[in-house]
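In: Prediction below, plus the sequence it came from.
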Amino acid sequence: MASGGFSRLPGGTVVVALVLPRRDPDDPAGTAIRVLVHARNRQRALTRVRNLGFRAVRLTGNAEPPTPDEISVVLHHPDGLVWRRCPADPPDAPWQPLTALRRAGLPG
């Protein structure tokens, strides 16, 4: 299960923001990542994340919807699927494509 939320855009699509826990062998306390997904609807957004190896992703509620800046980031990315560590350190850390997460070797 993931915390997060969504925003419906004027064109009918949605941007879903998820905070997912990650197990990093170098960080015993664990880390979390914030994932942004642009899709036709919430279910398609969650399916896109599940297809990339995050099998247990569910969105319950709308406690942490994407900010306007986050919406801009994901809309301008060609894949419409980005992430960064949560909380971001430094606060202006760049967003990265989700494929970069897999290349970084962080276990899913």
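Out: Yep, it's here.
In: Could you give the number of residues near the spatially closest residue to residue 77 that is not a sequence neighbour?
Out: Excluding the flanking residues, the one nearest residue 77 by CB to CB, 6 or more residues apart in numbering is residue 97, at 6.8 Å. In short, each C-beta sits where N, CA and C put it, glycine included. If you count neighbours by other CB atoms under 10 Å, residue 97 ends up with 15.
In: Kindly provide the distance from residue 97 to residue 44.
Out: With distances taken as CB to CB, to the nearest Å, residue 97 is found 18 Å from residue 44.
In: next one: residue 71
Out: Using CB to CB, we find residue 71 at a distance of 17 Å from residue 44.
In: If you count surrounding residues, which of those two has more?
Out: Taking other CB under 10 Å, residue 71 and residue 44 do not tie; residue 71 has more neighbours (18 against 14).
In: Is it correct that the more buried one falls within a helix?
Out: Yes: using DSSP: H, G, I helix; E, B strand; the rest coil, the assignment for residue 71 is a helix.
In: so what's it up against?
Out: Residue 71 makes contacts with 7, 9, 15, 36, as judged by CB atoms under 8 Å, 6 or more residues apart in numbering.
In: how about the strands in the chain?
Out: Ranges of strands in the chain, per DSSP state E, are 3-8, 14-24, 27-39, 81-86, 96-97.
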